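Student: what would the 3D arrangement of this be:
(one chain, ligands or ions: 1)
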Amino acid sequence: MPTTYQMYIGGAWRDAADSATFPALNPVDQQPWAHLPQATAEDVDAAVKAAREAFDGGWKYTNGLTRATLMQRLAELLEAEAERMAQLETTDNGKVIRETRVQMRFAARNYRYFAGWADKLHGESIPLDRPELVDFTTREPRGVAALITSWNSPMAILANKLAPALAAGCTVVIKPSEMASVTTLAFAELCERAGFPAGVINVVTGDGSVGAALTGHPGIDLISFTGGTATGKAISRVAAEHLTPVTLELGGKSANIVFADADLEQAVTGAVAGIFAAAGQTCIAGSRLLVQREIYDRVVVQVCQRAQAIRVGDPRDESTEMGPVATQAQHQRVQAFIQRAREQGATLAVGGGVPQGEAYARGYFIEPTVFTEVAADAELAQEEVFGPVLAIIPFDTEEQAIAIANGTAYGLVAGLWTQNLARAHRVARCLEVGGVWVNTYRTSAAQAPFGGVKASGIGRERGLHALDEYLEIKNLMIDLSSEARDPFAIRT
Ligand code: NAD
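Tutor: Modelled structure (predicted):
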C-alpha cells in the first residue's frame, strides 16, 4: 500500500489546502509507492509566513551554540536513520543503495561541519584613518531562505543548503523535486524530533509551479537552487523583480582529461566513476573523456571493457552498480541523445540500447554507453545528457585539451590525470570551472567549496564560503569624539 505523506509547515503536518496529491513512482517498476501533497499558492504563503514568524520571533537571535546543538542532534538522528533513509531514497529515485547509504552519512557530516561554524560567525574590527572612529562588522542572517532541490540526490543537495542556512541563523522553506520528495518529508520528521522550533524548517511539495510560487514570494530573502540551467535562468529573472540574492547550482558537461603520463588504471577507474556512477545522473558527471592521442586506443579499450562489465539492475540490490534513470522523461531523453549521436556520426563503441530481459522490462534502464571519436563541437560533447553516456574525445597537446575542456557553455568541475605536478598546476589554472580534481574524480568533502562558473551556476556550497550566501555584513561606525564638523562635507 502506498504511504500518504503530509507537508511540514509551521511545526504542523498538513495536506495541501485543496487536498490535491501526486504519486511517487518507483523507477524500477513504475509502481506508485507514495502519495504526496501538491501544494497550492496558499500553502506556500503559509510556509513563508511561518518561516518569517520563526525568524523574527527569535531564531535570528538564538546564539550559535543553541543552533549548533540542534544541528548536531539532527546529524545524530540522520546517522541513526541512515539505512531507512537510504532505502527510501533508492526507492524514490533509483540511485544504487551503495551510494545512497554513503550520501546519508555525508549529509550528516555536512550538518556536523556547519554546526561547528554556528558559534564562530564573528565580524572584524577595522582600523580607520581617524583614531577617534571605531569601526567593526557583524554578520547577520539574511532571513527566510527558499531552498529548491533536484531529484538526483535530494538529501545530499539539501544538506549543502540547509546546513549553512541553519548555522547562519536563517529560517527556510524547502521545495524538493516532484520526482523525489519522500526523503525530504521523512527528513522533516527528524528535524522535528531534533527539536528545531516550529517554523524554522518548513517543507512544501509539488511541481515547478510550487517552486515558482516560492521564488516569486515577496517574503523570501534569498534563494538557493539546484537544478537545470533553464530553470535556474527562470528563477534568476523572477528573483530580479525583488532583487532577491540567488545561489544557483546548475548543470555541467565536465571534462575528465587523461594525459599520456597518467596512471592509466586509476584514470580509467576515474572515467567509470565519472559517468556511470549514479547512471550519469549527476551534475558533476565526467561526461567528456578527453584522452591524449598516444594512449587513446588503450584507454578506449579499457573503458569499454569496464563499461560492458557494469552490473545493471535493481538499485536496492547491494551488488548492483548501475540502476535505472529516475523518470520516464529522462529515459526517453537519454535515448534520444544516443540516437542523435549515432546519426551525427559518432562511433558507438558500447551499449546504446536498453537492457533486455524480464528484470528490466518495467524499469527505466539504459545500457552503459560509450561513444568514441566524438567531435568537440558535437551535441553529445556540448549538451548535458544526465545519463550513462560517455563521449570520448582525442587530443594532442595540452593547449588543445584546455581549449576543448573550456569549449562548452558549462563550467562546473574538471578532472586531470597526470603524474606531472607542473602540468597539473598549469592546466588547472587555465580551466574555466569551479573545481578541479587531480588524479581523483567524484570525491567530495564538507570542507571543500563546491559550485560552478559560466552556465553551471553562481555561488558556492560546502566549506566556509557557503556561509556567506546566508549572511549579510553590517558595518558599525562609532564616533568617540565630540569635535564640531561641517555638515555639508562628507567626513573621511
Ligand atoms: P529542474 O530544473 O527540472 O528542477 C529542479 C527543481 O526546480 C525542482 O524542485 C522543480 O520542481 C523546481 N522548479 C521547476 N520549475 C521551476 C520554476 N519555474 N521556479 C522554481 N522552481 C522550479 O532540474 P532536475 O531535472 O530536477 O535536476 C536535473 C538538473 O539539476 C541537471 O541539469 C543537473 O545538472 C542539475 N544538478 C545540479 C547540481 C549542482 O550542484 N550543480 C546538482 C544536482 C543536479
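
Student: ok, and the closest non-adjacent residue to Glu294?
Tutor: Ala260 (4.3 Å; C-beta to C-beta, 6 or more residues apart in numbering). To be clear about C-beta, it is placed using only N, CA and C from the backbone, and glycine gets the same treatment.

Student: quick check: the residue nearest the centre of the chain vs the ligand, distance?
Tutor: Taking C-alpha atoms, centre = their mean, the centroid of the chain lies closest to Ile157, which sits 4.3 Å from it. Per C-beta to the nearest ligand atom, to the nearest Å, Ile157 is found 6 Å from the ligand.

Student: what does the pLDDT read for that residue?
Tutor: At Ile157, the pLDDT value in this model is 98.

Student: confirm it sits in a helix?
Tutor: Yes - secondary structure of Ile157 (DSSP: H, G, I helix; E, B strand; the rest coil): part of a helix.

Student: name the residues of the stretch 101-250 of the chain found near the ligand, please.
Tutor: Residues of the stretch 101-250 of the chain lying close to the ligand by C-beta under 6 Å from any ligand atom are 148-152, 157, 175-178, 207-208, 211-212, 215, 226-228, 231, 234-235, 249-250.

Student: helix, strand, or coil at Ser177?
Tutor: Recorded secondary structure, Ser177: coil (three-state DSSP).

Student: what backbone torsions are found at it?
Tutor: phi -70, psi 140 (degrees, to the nearest 10).

Student: quick one, phi psi at the residue nearest to it when sequence neighbours are not counted?
Tutor: Nearest non-adjacent residue to Ser177, counting by C-beta to C-beta, 6+ apart: Trp151, 3.8 Å away. Backbone geometry at Trp151, expressed as degrees, to the nearest 10, gives phi -90, psi -10.

Student: same question for Leu133.
Tutor: phi -100, psi 130.

Student: could you do Ile458 as well?
Tutor: phi -140, psi 130.

Student: give me the pLDDT for it.
Tutor: Residue-level pLDDT assigned to Ile458 equals 98.

Student: change the start of the numbering to 491 and stick with it
Tutor: With the count now opening at 491, the last piece we talked about shows up as Ile948.

Student: ok, it - contacts?
Tutor: Ile948 makes contact with 736-738, 941, according to C-beta atoms under 8 Å, 6 or more residues apart in numbering.

Student: 6 Å - rerun?
Tutor: Leu738 (C-beta atoms under 6 Å, 6 or more residues apart in numbering).

Student: how close does it get to the ligand?
Tutor: Ile948 is 11 Å from the ligand, by C-beta to the nearest ligand atom.

Student: the residue nearest to Ser667: neighbour count?
Tutor: Trp641 has 22 neighbours, counted by other C-beta atoms under 10 Å.

Student: average pLDDT for stretch 733-745?
Tutor: For stretch 733-745, the mean per-residue pLDDT is 98.

Student: does the residue nearest to Ile691 when sequence neighbours are not counted sit in a helix, a strand or a coil?
Tutor: Take Ile691 and drop its neighbours on the chain: the residue closest to it by C-beta to C-beta, 6+ apart is Cys681, 4.6 Å away. Assigned with three-state DSSP, Cys681 falls in the helix class.

Student: got the domain ranges for the protein?
Tutor: As assigned by automatic domain parsing, the chain contains the domains 493-740+942-965, 745-928.

Student: got CSV for those domains, with distance to Ile980 too?
Tutor: Listed next are these as CSV, based on distance: least, C-beta to C-beta, whole Å:
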stretch, distance to Ile980
domain 493-740+942-965, 13
domain 745-928, 39
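
Student: which residues touch the residue of the chain found nearest the ligand?
Tutor: Nearest residue of the chain to the ligand: Gly701, at 2.2 Å (C-beta to the nearest ligand atom). The contact partners of Gly701, taken as C-beta under 6 Å, 6+ apart, are 638, 665.

Student: what residues of the host helix or strand of it count as buried?
Tutor: Element membership for Gly701, per DSSP states H and E: helix 698-705. Within helix 698-705, the residues that count as buried by 16 or more other C-beta atoms under 10 Å are 700-705.

Student: please apply the same query to stretch 739-753.
Tutor: By 16+ other C-beta under 10 Å, the buried positions in stretch 739-753 come out as 739-750, 752.

Student: which parts of the stretch 741-890 of the chain are helices?
Tutor: Using DSSP state H, counting those that start in this stretch, the helices of the stretch 741-890 of the chain run over 754-766, 786-798, 818-833, 869-872, 888-896.

Student: tabulate those in CSV, adding columns for distance to the ligand.
Tutor: Output for those, formatted as CSV (distance: least, C-beta to the nearest ligand atom, whole Å):
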stretch, distance to the ligand
helix 754-766, 13
helix 786-798, 21
helix 818-833, 8
helix 869-872, 14
helix 888-896, 17
